[in-house]
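**Student:** Prediction below, plus the sequence it came from.
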Amino acid sequence: MAYRTIIKAGGSGTDYWLDLWRNRQLLWILSKRDISVRYKQTLLGIAWSVVRPLMTMLVMAVVFSQVAKLPPDPNIPYPLMILGGLTIWTFFSGAFSQVSNSIVLNSNLVSKVYFPRLLMPLSAVAVGFIDFLISLVLFIGLSIYYNYLPSANIVFLPFFLVLTFISALGFGLFFSVINVRFRDIGQLIPFIVQVGMYACPIAYSTRLVRDSLPQYYEYYIMNPAVGIIDGFKWCLLGSNSYFDPNSLYSTLIVSIIALFLSVMYFRKKENTFVDYI
Amino acid sequence: MHVITAENISKKYIIDHQGTRKTSSLRDVVADGFKQLFNKNSKDSVTERKEEFWALQDVNFTIDQGDRIGIVGHNGAGKSTLLKILSRITDPTTGQVSIDGRVASLLEVGTGFHPELTGRENIFLNGAILGMNKGEIKRSFDAIVDFAGVEKFLDTPVKRYSSGMYVRLGFAIAAHLEPEIMIIDEVLAVGDAEFQKKCLGKMRDVSESGRTLLFVSHNLTAIQALCNKSFYFEKGKLLDQGETSRIVTTYLSRVSQKKLERQWDDIDTAPGNDEIRVKSFKLVPDYLDSLMHIDVRTSMDIQFEFWNMVEDAQLNLSLHLYSYTGECIFNVGTPSQSFARGLITGSLEIPGHFLNDGSYMISIMVVKDTSSVIYNMEEALTFDVEDYREGVTWYGKWPGYIRPQLNFSLNQVESVVND
């Protein structure tokens, strides 16, 4: 017969990835569910996804550009620089926190029905991606306002998106497993996101770190998010935007190793979720 | 051909004892980890709090294509754990199961329904979660809506549904699955009588179409009607398997081994007080034929003995019968009489064809001078009455607390002849 399943201790074997593929429709449907329930029973609805990055950008622009008088990268309007960083950060932080909570949020499914558990974190990326797209449209609007033309660097955009996806999933998956046992993670994630927003070059340029704190610069670019954010800004804003290709080493190494280890860890633990959730 | 083969499956749970630690927080685990690092002995103190519990032990069976298996057993016998393993929700601790064919398991109706989504959206969501592909759902969409009777509310969020509508929609989707193997857990405990009838009808269709069915229920009538074979679980072990009628009889006779008799021989430690002490309390069923369990037809005698310790006491006894939900079904009292010191006995007959199937509880009260309660024995005995039906093709739970046989009949007064 076409379907033969072997159930035994320690996980159900080899056709896991095949199973995942068979269930791709479910992945799509779960993503659609997460997106469509997001703003149910809200007045502003999807407008929230516009208001949030816009307000954050405005506040940051006023504080960092007007009050603190930080210089932007040459010839780049400060608000545009912020929105560029914010756009990719929206994707990373949204995907990362949704993935981290994905198993716990779907606990009713975990305890009642089988499907490859990896579908839940995968589908959780969707919400962050939609927010990213909205923010990107906002960015394009603001570029038109500033008459700022995109450069040829934009062809590398998909590369940085994939990298963001890999790192958000890599870190998120790990936390999603821990979250099943220890709900402390639910408290930790918003905190990480909040700190990350200032630890990463969103409201300021990495150039400033290099110039004013040279002794810490090499540690600063070890943060895998720095490579992603600067690279993404470099794609959108052109070569005037500061981007140190060296920062990509840590991004690539850390993200890929994180994803690899997390998937292994996830696979090892997924069959015990139901016992702890 | 075997479609399911289970070999030596066992499932162990570790129970964290409450009081020592309610929930494990990250801090505790980190702290314990450090303790273990620095102090090798402390490992014992961590494991001491835990206890192993085997929800299933060495279960072996095979199921053939087209078998309809009923699974019976008390709460905690391991039935649900077995279904969870077969549905791949949890892993067995040891052993292996091999399954040929697509499995749909229905451990709950409306799994994954999202309250904010409309009925229409939830049909697609739930269908996909249960393993249907989009084409299958589209094909059965109208049939599902029709079966559930929710046409008018298709575009309403399910959070506005009545609980009945919610359950109907959930079952309707599951009923239109077309897997080779179907696993169903006690879903019939929900919905009104009419809907239950529909569900059972649907399940019969499923079983008649040659698909393999596993069905857990406390509704033995339904199991007897639907299943050709049954498994009987007790304390995590597969105690017996075979023909449904034989297994059900075994199960019921085991159930009735519940203590229907309580006796105290020592007057000083027997329950009671300075005025009276209870000596014994029994329920003696008048089993029908060779049955070893009480069903709705069985008449029974409640017999009791107590010591009266006060000379010239004016006593009467009051007996309450409660349903397991705690509602009083009746209260009867003996006439008040004067008694000398010594042993007093009494009995009450409960006729057959009187109580409906269910669990019941008896309390007794000893009353002095027709007004003051001198002793109240709550839950003196509990017993179960099983269902029995003849010439009926409806298997839902019979409503009501009592099921008397009253004179109730229909007569044809006139017949119309077609010409």
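**Tutor:** It's in.

**Student:** ok, how many other residues are close to the closest residue to B:T244 other than its chain neighbours?
**Tutor:** Nearest non-adjacent residue to B:T244, counting by Cβ to Cβ, 6 or more residues apart in numbering or on different chains: B:S230, 4.5 Å away. For glycine as for every other residue, the C-beta is placed from the backbone atoms N, C-alpha and C. Using other Cβ atoms under 10 Å in any protein chain shown, B:S230 has 26 neighbouring residues.

**Student:** quick one, what contacts B:S230?
**Tutor:** Listed by Cβ atoms under 8 Å, 6 or more residues apart in numbering or on different chains, the contact set of B:S230 reads B:69-72, B:223, B:241-244, B:247-248.

**Student:** can you name the two of those that are farthest apart?
**Tutor:** Using Cβ to Cβ, the two most remote members of the contacts of B:S230 are B:I71 and B:E243, lying 14.4 Å apart.

**Student:** Just the pLDDT for residue 202.
**Tutor:** You didn't pick a chain, so chain A it is. Here, the pLDDT recorded for A:I202 equals 92.

**Student:** I was after chain B.
**Tutor:** 77.

**Student:** Secondary structure class of the residue nearest to B:T244, three-state.
**Tutor:** strand (DSSP: H, G, I helix; E, B strand; the rest coil).

**Student:** So which residues on the stretch 101-250 of chain A come close to chain B?
**Tutor:** For the stretch 101-250 of chain A, the contact set with chain B under Cβ under 8 Å from any Cβ of the partner chain comprises A:106, A:108-115, A:181-182, A:184.

**Student:** So which of those residues belong to helices?
**Tutor:** Secondary structure from DSSP state H places A:108-110, A:181, A:184 of those in helices.

**Student:** Filter those residues down to the buried ones.
**Tutor:** Buried residues within these, counting neighbours by 16 or more other Cβ atoms under 10 Å in any protein chain shown: A:109-110, A:181.

**Student:** tell me which helix or strand of chain B sits lowest on mean pLDDT?
**Tutor:** Here the helix or strand of chain B ranked lowest by mean pLDDT, DSSP states H and E is helix B:42-48, holding a mean of 47.

**Student:** so where is chain A shaky, pLDDT-wise?
**Tutor:** A:1-2, A:10-14 (pLDDT under 70).

**Student:** so where do the helices sit in it?
**Tutor:** A:16-22, A:24-38, A:48-60, A:78-105, A:107-110, A:119-145, A:157-181, A:184-199, A:206-212, A:214-220, A:224-237, A:247-269, A:273-276.

**Student:** any low-confidence regions in the stretch 251-400 of chain B?
**Tutor:** Ranges of the stretch 251-400 of chain B meeting pLDDT under 70: B:255-258.

**Student:** what are the ranges of the strands in it?
**Tutor:** Residue ranges of the strands in the stretch 251-400 of chain B, as given by DSSP state E, counting those that start in this stretch, are B:261-263, B:276-286, B:299-308, B:313-323, B:328-333, B:337-339, B:342-350, B:358-368, B:372-385.

**Student:** Nearest to A:Y219, out of the ones you listed?
**Tutor:** Across the strands of the stretch 251-400 of chain B (criterion: Cβ to Cβ), the nearest stretch is strand B:358-368, sitting at 69.0 Å.

**Student:** Of the strands of the stretch 251-400 of chain B, which is nearest chain A?
**Tutor:** Nearest of these to chain A, taken as Cβ to the nearest Cβ: strand B:358-368 at 27.4 Å.

**Student:** Okay, now the sheet partners of the closest one, with direction.
**Tutor:** strand B:313-323 (antiparallel), strand B:372-385 (antiparallel) (DSSP bridges).

**Student:** Same list (the strands of the stretch 251-400 of chain B) but as CSV, adding mean neighbour count and distance to A:L237.
**Tutor:** Converted to CSV, the strands of the stretch 251-400 of chain B look like this (neighbours: other Cβ atoms under 10 Å in any protein chain shown; distance: least, Cβ to Cβ, whole Å):
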stretch, mean neighbour count, distance to A:L237
strand B:261-263, 13, 85
strand B:276-286, 19, 86
strand B:299-308, 19, 88
strand B:313-323, 18, 74
strand B:328-333, 13, 79
strand B:337-339, 12, 102
strand B:342-350, 14, 87
strand B:358-368, 19, 74
strand B:372-385, 16, 76
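
**Student:** Reformat these as TSV; add distance to B:L169.
**Tutor:** As requested, those are exported to TSV (distance: least, Cβ to Cβ, whole Å):
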stretch	distance to B:L169
strand B:261-263	48
strand B:276-286	43
strand B:299-308	43
strand B:313-323	31
strand B:328-333	35
strand B:337-339	61
strand B:342-350	42
strand B:358-368	29
strand B:372-385	33
